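Colleague: compute the structure for the input listed below.
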Amino acid sequence: MPRWKALPDELDPQVKEFTTQLRRLVDRGGLSAAALSDRTGYSRTSWERYLGGRLLAPKGAVVALAEATGTDPVHLTTMWELAERAWSRSEQRHDMTMEAIRISQARAALGEFGEPPVVSGTAAGGGRTPRRPGGAVATPGVAGPAGVSPTIPAQPTAPDADRRAGAGPRGPAAPEAPAADATGGDGRRRLTMFLAGAAGVAVIVAGVLLLTGGDGGAEKHPGGAASSAPAGAAHTALPAGVKCAGAGCTGKDAEAMGCSGDLVSTTRSAAVGAVTLEVRYSSTCGAAWGRITGAARGDSVRVTAGTTSRTGDITADGDTIAYTPMVAVRDAAQAKACATLASGPTGCTP
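Modeller: Residues are numbered from 1 along each chain as shown. Predicted structure coming up:
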């Protein structure tokens with residue numbers, strides 16, 4: 001094997017100790033990458049991830065390595081169980097962090113639609129900035145938070161007002177003032193209030209669309225059912241190494257698509273005989289799958305989401321872990337896993 005690279009600093013100490021022990025066993029056995037793959041049945045790429053700290057080795061791979069190096073598997077699997085618990089805790093912390101980031105991004109985006117700051121002082125032309133009734137600053141030619149409105153005509157002069165009220169002329173005739181808006185001051189105020197209200201409605205609609213991810217226009221399948229792809233998955237760039245999202249993940253291997261590792265957590269679990277049954281979920285990929293550990297040849301696991309289901313089973317002696325392919329889900333609650341053991345017992349997650 002090539003010289004080992006330093007393990008990631010953010011790796012949990014329990015996982016780091018376990019991964020270091022795996023490296024020692026490989027070095028002690030003098031196994032090359034090809035030999036390690038041949039003797040364990042796990043691919044070279046998978047072992048590079050396991051030994052590099054990017055992915056926790058499954059229990060089956062650990063047992064196979066113990067057999068290939070002549071090591072007692074009991075102590076090694078004990079270390080694996082402790083590392084697996086630490087890995088699951090790290091995944092949960094990662095999910096909580098990602099959720100907090102998404103909430104912060106949504107709040108920041110909504111802040112862009114807030115009221116514009118009030119400007120005081122003189123206008124760019126050097127004169128005083130006009131103010132609306134009540135003291136609010138009004139930008140010339142602009143009305144309401146949207147900032148778009150026809151220019152309001154000038155207020156009529158006192159002589160014009162006198163003439164409209166039927167008053168007689170006072171002194172020399174004043175020069176003809178520009179034609180005033182027929183609606184007068186009340187009409188202009190109503191127009192301003194209408195435009196401000198329309199702008200407010202536009203802001204509210206934009207905020208709702210932002211919060212819901214535009215679900216109001218989601219594509220419908222025949223029969224009126226909404227598409228099962230996760231909201232926003234088609235419009236969000238996937239992280240490096242992730243190769244699918246939503247419906248594109250259905251039927252595919254989670255590890256091969258980059259949906260496992262730091263992107264996955266166990267959301268439901270149950271004991272079926274001596275076997276541990278789990279629902280594994282990746283919010284980044286918008287997909288879930290089933291897993292059984294501590295199993296034996298002939299045991300199988302099935303994951304179901306709505307009318308879609310996928311199955312995985314153990315076909316080789318000595319293997320104790322099995323996964324199903326992924327199914328697309330909007331959230332982990334949509335997925336349910338069931339196990340059927342060769343010895344007879346069956347069971348499902350809550």
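
Colleague: okay, now the domains of this structure?
Modeller: Annotated domains of the chain cover 1-111, 241-350 [automatic domain parsing].

Colleague: could you give me the average pLDDT of stretch 323-333?
Modeller: In this model, stretch 323-333 carries a mean pLDDT of 92.

Colleague: in the sheet, who's paired with residue 336?
Modeller: residue 304 (DSSP bridges).

Colleague: now do the same contact list for it.
Modeller: 268, 279, 303-305, 348-349 (C-beta atoms under 8 Å, 6 or more residues apart in numbering). Every C-beta, even on glycine, is put in place using the N, C-alpha and C of the backbone.

Colleague: where does it land on pLDDT?
Modeller: With respect to pLDDT, residue 336 scores 95.

Colleague: coming back round to it: and the two most separated of the contacts of residue 336?
Modeller: 305 and 348 (13.3 Å; C-beta to C-beta).

Colleague: CSV for the contacts of residue 336, including distance to residue 53?
Modeller: Listed next are the contacts of residue 336 as CSV, based on distance: C-beta to C-beta, whole Å:
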residue, distance to residue 53
268, 27
279, 25
303, 27
304, 33
305, 31
348, 33
349, 29
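
Colleague: list only buried entries from those residues.
Modeller: 268, 279, 303-305, 348-349 (16 or more other C-beta atoms under 10 Å).

Colleague: from memory residue 4 sits against residue 48, does it?
Modeller: No. Counting by C-beta atoms under 8 Å, residue 4 stays clear of residue 48, with 11.0 Å between them.

Colleague: which other helices and strands contact the longest helix seen in the chain?
Modeller: In the chain, with assignment by DSSP state H, the single longest helix is helix 73-111. Counting contacts by 3 or more C-beta pairs under 8 Å, 6 or more residues apart in numbering; DSSP states H and E, helix 73-111 packs against helix 13-29, helix 59-69, helix 184-212, strand 265-272.

Colleague: would you single out the least confident of those?
Modeller: helix 184-212 (a mean of 67).

Colleague: give me phi/psi at residue 347?
Modeller: phi -180, psi 160 (degrees, to the nearest 10).

Colleague: now do the residue nearest to it when sequence neighbours are not counted against residue 294, distance only.
Modeller: Distance criterion C-beta to C-beta, 6 or more residues apart in numbering; nearest residue to residue 347, sequence neighbours excluded, is residue 272 at 3.7 Å. Going from residue 272 to residue 294 by C-beta to C-beta, to the nearest Å gives 10 Å.

Colleague: the more surrounded of the two?
Modeller: The neighbour comparison of residue 272 against residue 294 (other C-beta atoms under 10 Å) goes to residue 272, with 22 against 17.

Colleague: of the helices and strands packed on helix 73-111, which approaches residue 52 most closely?
Modeller: Residue 52 lies closest to helix 13-29 among the helices and strands packed on helix 73-111, at 8.1 Å (C-beta to C-beta).

Colleague: the closest one: what's the following helix or strand?
Modeller: Using DSSP states H and E, the helix or strand that follows helix 13-29 towards the C-terminus is helix 33-40.

Colleague: and that next one, which residues are buried?
Modeller: Across helix 33-40, burial judged by 16+ other C-beta under 10 Å covers 33, 36-37, 40.

Colleague: and the helix or strand that that helix is followed by, what does it pack onto?
Modeller: Once helix 33-40 ends, the next helix or strand along the chain (criterion: DSSP H and E) is helix 44-51. Packed against helix 44-51 by the contact rule (3+ C-beta pairs under 8 Å, 6+ apart) you find helix 13-29, helix 33-40, helix 59-69.

Colleague: let's go with 6 Å and repeat that
Modeller: Under the contact criterion of 3 or more C-beta pairs under 6 Å, 6 or more residues apart in numbering; DSSP states H and E, helix 44-51 touches helix 33-40.

Colleague: could I have the helix it packs on exported to CSV, CA atoms only?
Modeller: Presented in CSV, the C-alpha positions along helix 33-40 are these (Å, rounded to 0.1, in the frame of the first residue of the first chain):
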residue,chain,number,x,y,z
ALA,A,33,-4.4,-2.7,-2.8
ALA,A,34,-5.2,-5.5,-5.3
ALA,A,35,-4.5,-8.3,-2.7
LEU,A,36,-6.7,-6.5,-0.2
SER,A,37,-9.6,-6.3,-2.7
ASP,A,38,-9.2,-10.0,-3.8
ARG,A,39,-9.1,-11.4,-0.2
THR,A,40,-12.0,-9.4,1.2
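
Colleague: average model confidence for that helix?
Modeller: 85.

Colleague: hang on, the earlier thing: same list (the buried residues of helix 33-40) but as a markdown table, adding distance to residue 53.
Modeller: Listed next are the buried residues of helix 33-40 as a markdown table, based on distance: C-beta to C-beta, whole Å:
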| residue | distance to residue 53 |
| --- | --- |
| 33 | 16 |
| 36 | 16 |
| 37 | 19 |
| 40 | 18 |
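
Colleague: identify, from those, the entry nearest to residue 76.
Modeller: Using C-beta to C-beta, those come closest to residue 76 at residue 40, 12.9 Å.

Colleague: what sits against that closest one?
Modeller: Residues in contact with residue 40 (C-beta atoms under 6 Å, 6 or more residues apart in numbering) are 64-65, 68.

Colleague: looking at it, the residue nearest to residue 347 is touching residue 337, isn't it?
Modeller: No. The pair residue 272 / residue 337 is not scored as a contact, 9.9 Å apart, by C-beta atoms under 6 Å.

Colleague: still on that earlier bit, the domains of the chain: lowest mean pLDDT?
Modeller: Sorting the domains of the chain by mean pLDDT places domain 1-111 lowest, at a mean of 83.
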